[in-house]
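Q: Next input, structure requested:
(one chain, ligands or ions: 1)
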Amino acid sequence: MQEITQVPPLDLKRQYSPLAKEITAAFTKIFESGGFILGPDVQALEQELAYYVSAKRAIAVTSGTDALWLALKAIDIQPGDQVLTSPFTFFATVSAICNAGATPVFADICPDSFNLSAEKTEEVLKNDRDRKIKAIMPVHLYGQAANMVPILALAERYKLHVIEDACQAIGTHHDKGAVGTLGHLAAFSLFPTKNLGAFGDAGFVTTNDVSLANKTTLLRTHGSTVRYHHEIIGSNCRIDTLQAAILRVLLPKLESWITQRQTAAAYYDENFASLKDIIQTPKRVPYSNHTFHQYTLRVKNGKRNELTEVLTKNKIGNSIYYPIPCHLQKALAHLNLELGSFPESELAANEVLSIPIFPGITQEEQDYVIKTIQNWAK
Ligand SMILES: Cc1ncc(COP(=O)(O)O)c(C=O)c1O
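A: So this is what the prediction gives:
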């Protein structure tokens, strides 16, 4: 057997090669039809995604970022409004809020789940005397659901909308139901590296509310259902038909890809158990499964960057999601949120390190990652 000397962060070619014929056939079908905008494949994908997520409706769009923006517009977020979210997320969560005209407001995360803390959310809501906060946007980071029961209870108490940022969590199940069915609307990303990824940018919105679904559909196409008649201000956020046709080939494989990620995660857990004073493996919350979009370690004692260098030197894919929490980003300097405002998010940004996990990763590749980390930890 060939000796392993490198492990990629992910390997889409390996994942898609067995589907080459079906993917090429999907491409050829669209090429021959000449129909590149919306059409039957987009409609069918939306039905299949809605069924997969167990939501009443799914609306396929250009990206996860646009899905978030559309969801905010669907609930009528206005300039002057505020939207509460986690500072420990990909910046798109926040830029969608800003691009909808609102101001982001943050509550810190739970250190175990990396997701929005319900207690901290309550503190922020209690202090919102002018009632400017109109919505909560919990993020299901890395593939594990946020603590939705207390968050939904707070939303009800304060009469707020809830938009789930489910961009990293397709297929994740919370005790109360699938991610994407818990809030008023949810946004998913189909970026190529996600657990279900298009061959380019794509995303979708889900909701159980038919009128919000209709409004999202309207917003997606310039606020128009009849050509050149515009009911509201929308944008062009349509998914490409070609992406829809390809995604229809990939979606039936998603469950088995998630299982492969979970099996690989369990193998890492088992082998890193003896290193718990130095690295903390992903903690599981009792109310959600984990679909392992990322397998993210916490590296303790200020040694994260040292381990990053060791992995890179040994040609092992590694990434920091995310090195700077949103409140400390230059783009939000006008909010005057200083270092120390959200200590758990800041600590996470200094400690997290994601290691290779993807469908098709072999045990030999994982052994090479494990051995490299064990040798470093000695
Ligand atoms: C948590 C989160 N929100 C939003 C997005 C934006 O999705 P997209 O890249 O499809 O626009 C991403 C994608 O990386 C994400 O991880």
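
Q: So what sits opposite the residue of the stretch 201-350 of the chain found nearest the ligand in the bridge?
A: Sorted by distance to the ligand under Cβ to the nearest ligand atom, the residues of the stretch 201-350 of the chain start with Gly203, at 4.8 Å. Every residue, glycine included, has its C-beta placed from N, CA and C. On the basis of DSSP bridges, Gly203 is bridged to Val61, Ser189.

Q: for the chain, which spans come out with low pLDDT?
A: Scanning the chain for pLDDT under 70 picks out 1.

Q: In the record's domain split, what are the boundaries for it?
A: Domains of the chain are assigned by automatic domain parsing as 13-253, 254-377.

Q: Remind me what the biggest helix by length in the chain packs against, helices and strands.
A: For the chain, the longest helix by residue count, based on DSSP state H, is helix 254-272. Contact here means 3 or more Cβ pairs under 8 Å, 6 or more residues apart in numbering; DSSP states H and E; on that basis helix 254-272 packs against strand 295-299, helix 363-377.

Q: can I assume Leu84 sits in a strand?
A: Yes - secondary structure of Leu84 (DSSP: H, G, I helix; E, B strand; the rest coil): part of a strand.

Q: wait, isn't it in contact with Ala135?
A: Yes - if you go by Cβ atoms under 8 Å, Leu84 and Ala135 touch, sitting 7.3 Å apart.

Q: Does the nearest residue to Asn318 once chain neighbours are set aside lie in a helix or a strand, and which?
A: Excluding the flanking residues, the one nearest Asn318 by Cβ to Cβ, 6 or more residues apart in numbering is Leu311, at 4.3 Å. Element membership of Leu311, judged by DSSP states H and E, is helix 304-313.

Q: How about Asn350?
A: Using DSSP H and E, Asn350 falls in helix 343-351.

Q: Which secondary structure elements does that helix sit against?
A: Under the contact rule (3+ Cβ pairs under 8 Å, 6+ apart), helix 343-351 is packed against strand 295-299.

Q: which residues are in contact with the strand it packs on?
A: 114, 142, 261, 264-265, 268, 272, 278-282, 307, 321, 348, 351-357 (Cβ atoms under 8 Å, 6 or more residues apart in numbering).

Q: and if you look at stretch 203-216?
A: With Cβ under 8 Å, 6+ apart as the criterion, stretch 203-216 contacts 46, 49-50, 53, 55-67, 70-71, 74-75, 166-167, 180-181, 184-191, 232, 239.

Q: can you give me the offset of it from its chain's centre?
A: Centroid separation between stretch 203-216 and its chain, computed with Cα atoms, centre = their mean, to the nearest Å, is 18 Å.

Q: Could you list the buried residues of that stretch?
A: Neighbour-count burial for stretch 203-216 flags 203-209, 212-213, 215-216 (criterion: 16 or more other Cβ atoms under 10 Å).

Q: Excluding chain neighbours, give the residue nearest to the residue of the chain found nearest the ligand in space.
A: Closest approach between the chain and the ligand, counting by Cβ to the nearest ligand atom: Gly64, at 2.5 Å. Nearest residue to Gly64, sequence neighbours excluded (Cβ to Cβ, 6+ apart): Ser189, at 2.7 Å.

Q: Pull the number of nearby residues for the one you found.
A: 30 (other Cβ atoms under 10 Å).

Q: That one against Cys167, yeah?
A: Yes - counting by Cβ under 8 Å, Ser189 touches Cys167, with 3.7 Å between them.

Q: Identify the contacts common to those two.
A: Counting by Cβ under 8 Å, 6+ apart, the shared contacts of Ser189 and Cys167 are 64, 67, 203.

Q: how about JSON lines for these, with distance to Lys330 added?
A: Supplementary listing: the shared contacts of Ser189 and Cys167 in JSON lines, determined by distance: Cβ to Cβ, whole Å:
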{"residue": "Gly64", "distance to Lys330": "22"}
{"residue": "Ala67", "distance to Lys330": "25"}
{"residue": "Gly203", "distance to Lys330": "26"}
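
Q: list the contacts for the residue of the chain closest to the ligand?
A: With Cβ under 8 Å, 6+ apart, Gly64 has these contacts: 92, 167, 187-191, 203.

Q: how close does it sit to Leu154?
A: Distance of Gly64 to Leu154, given as Cβ to Cβ, to the nearest Å: 24 Å.

Q: can you map out the strands along the stretch 101-250 of the chain?
A: 103-106, 133-137, 161-165, 173-174, 177-178, 185-189, 203-207 (DSSP state E, counting those that start in this stretch).

Q: Which residues of the protein lie near the ligand?
A: Selection of the chain residues close to the ligand by Cβ under 6 Å from any ligand atom yields 63-65, 89-90, 92-93, 139, 165, 167-168, 189, 191, 201, 203.

Q: if we go to 8 Å?
A: 63-68, 89-90, 92-93, 96, 139-141, 165, 167-168, 187, 189-191, 193-194, 201-203, 293, 321 (Cβ under 8 Å from any ligand atom).

Q: Among those, which lie within helices?
A: Using DSSP H, the residues of the chain next to the ligand in helices are 64-68, 92-93, 96.

Q: Just the buried residues of those.
A: 64-68, 92-93, 96.

Q: could you dump the residues you listed to a markdown table with distance to Ala245?
A: Converted to a markdown table, those look like this (distance: Cβ to Cβ, whole Å):
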| residue | distance to Ala245 |
| --- | --- |
| Gly64 | 20 |
| Thr65 | 22 |
| Asp66 | 20 |
| Ala67 | 19 |
| Leu68 | 24 |
| Ala92 | 25 |
| Thr93 | 29 |
| Ala96 | 27 |
